[in-house]
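1. Fold the following for me, if possible:
(one chain, ligands or ions: 1)
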Amino acid sequence: MEVKGQEILLSSPPPISSPRWWSSETVVVVTGGNKGIGFALVKRFAELGLSVVLTSRDKERGHKALDLLRSQGAFLLHVHFFQLDISNPSSITTFTSWFKHKFQALDILVNNAGVSFNEIHENSVENADTVIKTNFYGSKMLTQALLPLFRPSSPSFSARILNISSRLGSINKIRNPKLKEMLQSENLTIEEVEGMVSLFLKNVKDGTWKSQGWPEIWPDYAVSKMALNGYSRVLAKLYKDKGLSINCFCPGFTQTSMTGGKGTHTADDAATVAASLALSPPKDLQTGRFYIGFHRPGKIMNSKL
Ligand SMILES: NC(=O)c1ccc[n+]([C@@H]2O[C@H](COP(=O)([O-])OP(=O)(O)OC[C@H]3O[C@@H](n4cnc5c(N)ncnc54)[C@H](OP(=O)(O)O)[C@@H]3O)[C@@H](O)[C@H]2O)c1
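-> Sure, this is the predicted structure:
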């Protein structure tokens, strides 16, 4: 994904289609739904009448989120909760079999859960392993586990995945020419994406990462999102004619715990745009796109992943 020079500006937020193509039978899974943008997304989807699975890695935090939704007057009839730690393979297995038993089919997956351990102006790689394991491998593992469960497409329906990513993971943030070329290649593979991530972690371990052209701002987080974008691009190509759309969305600088409460807009604002993208009418639904919200006031930038 090369953001520079490929801007398409859409009106923002995209209108929720009318008449709605979804119903309370439409099932959406949101990871990291107990707070921040994930919580706001669960609330938004519930308000719009979908069946929402709020997942949280911590049971108690998940139940507290449900209580908060209730206290905010959200319609909870179609909100379900299940514990899910995306960095834990056995948690993914347990979740997947519960989901299959309860719903049989999935319509929308929002890979929202993510971590960063840096303060706004801090660029440490101390927690690189956890950041990569969660933001890239966690979302990838869950996606792979749920892929067989997506509802088959029809002329009026297409399942979709929205990966909550970041502009910090844009290809133009990497200064290593070989890696840049690889990421831009039309023939990019998942193995190459994983190879890039392993190389980054190796450079972190041997203390050479600063001289290898990796992103300078939130380096571990940026590489994790770069890998998520690359993976999404490969998957989008793989599923192009199979009725599954895969896109990434950067919510912009949003006021959540990840940013210490700083940001240009609220989690509810970010969720409104993310939900509109996730609910694009089947006829307008794209795949392999990278959307950046709040890039300019009232605008969403849309480029090829
Ligand atoms: N805020 C921004 O400015 C911004 C900008 C660009 C992209 N994003 C992306 O937006 C997404 C949401 O972030 P946010 O800003 O809403 O941050 P947040 O308030 O810190 O929320 C992060 C969520 O992810 C969950 N999580 C972390 N590790 C997990 C794991 N292993 N398994 C399951 N859930 C896990 C957290 O759970 P706990 O409560 O248990 O920690 C929390 O629910 C992230 O992917 C982030 O990278 C945010």
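2. residues touching the closest residue to the ligand within the stretch 51-200 of the chain, list them.
-> Here the stretch 51-200 of the chain gets closest to the ligand at one residue, residue 114, 2.6 Å apart by CB to the nearest ligand atom. For the C-beta atoms, the positions are set from N, CA and C on the backbone; glycine is no exception. Neighbouring residues of residue 114 by CB atoms under 8 Å, 6 or more residues apart in numbering: 32, 134-135, 164, 224, 258.
3. Among the residues you listed, name the ones in helices.
-> residue 224 (DSSP state H).
4. Could you point out which of the contacts of residue 114 is nearest to residue 76?
-> residue 32 (18.8 Å; CB to CB).
5. Grab the nearest non-local neighbour of the closest one.
-> residue 113 (3.0 Å; CB to CB, 6 or more residues apart in numbering).
6. what residues are up against the one you found?
-> Residues in contact with residue 113, defined by CB under 8 Å, 6+ apart, are 31-32, 38, 55, 57, 86, 134, 138-139.
7. restrict those residues to those near the ligand?
-> 31-32, 38, 57, 86, 134, 138 (CB under 6 Å from any ligand atom).
8. taking the residues you listed one by one, which sit in strands?
-> Among these, no member falls in strands (criterion: DSSP state E).
9. So among the contacts of residue 113, which ones count as buried?
-> Among the contacts of residue 113, those classed as buried by 16 or more other CB atoms under 10 Å are 31-32, 38, 55, 57, 86, 134, 138-139.
10. helices and strands around the host helix or strand of residue 229, which ones?
-> Assigned by DSSP states H and E, residue 229 belongs to helix 219-238. Judged by 3 or more CB pairs under 8 Å, 6 or more residues apart in numbering; DSSP states H and E, the packing partners of helix 219-238 are helix 128-132, helix 139-146, strand 159-164, helix 190-205, strand 244-250.
11. anything in that helix near the ligand?
-> No. Using CB under 6 Å from any ligand atom, helix 219-238 stays clear of the ligand, coming no nearer than 6.8 Å.
12. Could you list the contact residues of the stretch 1-150 of the chain toward the ligand?
-> Residues of the stretch 1-150 of the chain lying near the ligand by CB under 6 Å from any ligand atom: 31-32, 34-38, 57-58, 61, 84-87, 112-115, 134, 138.
13. can we see that at 5 Å?
-> Remark: the part of the stretch 1-150 of the chain in contact with the ligand comprises 32, 34-37, 57-58, 85-87, 112-115, 134, using CB under 5 Å from any ligand atom.
14. Out of these, list just those in helices.
-> Those of these lying in helices (DSSP H): 36-37.
15. just the residues of the stretch 1-150 of the chain next to the ligand now: which is nearest residue 270?
-> residue 37 (5.0 Å).
16. Which pLDDT does the model give that closest one?
-> On pLDDT, residue 37 comes in at 98.
17. Pull the number of nearby residues for it.
-> Close neighbours of residue 37, defined as other CB atoms under 10 Å, add up to 27.
18. what residues are up against it?
-> Counted by CB under 8 Å, 6+ apart, residue 37 has contacts 112, 164, 251, 254, 256, 267, 270-271, 274.
19. Please tell me how far it sits from residue 25.
-> Counting by CB to CB, to the nearest Å, the separation of residue 37 from residue 25 is 25 Å.
20. can you check residue 96 too?
-> For residue 96, the distance to residue 25 - CB to CB - is 20 Å.
21. Compare those two (neighbour count), which wins?
-> Ranked by neighbour count (other CB under 10 Å), residue 96 and residue 25 place residue 96 first, with 18 against 12.
22. Skipping its backbone neighbours, what lies nearest that one in space?
-> residue 145 is the one closest to residue 96 (CB to CB, 6+ apart), at 4.6 Å.
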